[in-house]
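In: with the sequence up front, the predicted model follows.
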Amino acid sequence: MKLAIVKPCFFRYTGYIQISSIVDLFVTHGCGKPIFENFQHGFRATVFSRQKEKNTENVTENVTENREHIILNMIRENRNITTTQLAKRINVTRRTIARDIENMKQNRTIKRIGSDKARHWEAIQ
């Protein structure tokens with residue numbers, strides 16, 4: 001259970017706490033309804049932090065697209081750049097670069113031109 005910190009400005013009422021407005025603030029900001037219970041000589045409030053959306057698929061997609069954009073720009077700068085050089089400059093593994101390049105070739109973003117010894121990249125888009 002995670003606790004959210006309630007800012008002191010919520011308590012600037014004339015000596016008492018307006019619990020209903022605090023509850024409304026938490027609910028409005030996506031934190032869920034706090035639980036208030038009698039506790040010893042006062043009360044205890046349990047509050048929850050915001051629920052984070054599990055959206056790893058979109059995050060992974062965005063990171064890959066961003067990396068492919070960087071690769072494309074680097075190929076435009078130096079069409080003879082190797083996958084090892086790309087991996088070092090972007091700080092990822094060579095296998096990651098190879099996977100991104102294969103994806104870019106399938107999407108017809110880049111292609112490899114020339115013989116085995118004298119090849120270079122060409123950006124199609």
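Out: Received the coordinates, thanks.
In: can you map out the strands along the protein?
Out: 35-39, 42-46, 110-114, 119-123 (DSSP state E).
In: what's the closest non-adjacent residue to I70?
Out: Distances taken as CB to CB, 6 or more residues apart in numbering place I90 nearest to I70, at 6.0 Å, with adjacent residues excluded. (Each C-beta comes from the backbone N, C-alpha and C, glycine too.)
In: state the distance from the one you found to K33.
Out: Applying CB to CB, to the nearest Å, the value for I90 to K33 is 45 Å.
In: same deal with E77?
Out: 54 Å.
In: between those two, tell me which one has more neighbours.
Out: It is K33, of E77 and K33, that has more neighbours when counted by other CB atoms under 10 Å, with 11 against 8.
In: what sits against that one?
Out: Going by CB atoms under 8 Å, 6 or more residues apart in numbering, K33 touches V23, F26, V27.
In: ranking by neighbours, what's the top pick from those?
Out: Among these, F26 has the most neighbours (other CB under 10 Å), with 21 neighbours.
In: that one contacts I35, correct?
Out: No: if you go by CB atoms under 8 Å, F26 and I35 don't touch, sitting 10.6 Å apart.
In: neighbours around G114, how many?
Out: G114 is flanked by 11 other residues according to other CB under 10 Å.
In: ok, now which ones touch it?
Out: Taking CB under 8 Å, 6+ apart as the criterion, G114 is in contact with H120.
In: that one and E122: what is the separation?
Out: Distance from G114 to E122, by CB to CB: 9 Å.
In: G42 now?
Out: The value you get for G42 to E122, if CB to CB is used, is 72 Å.
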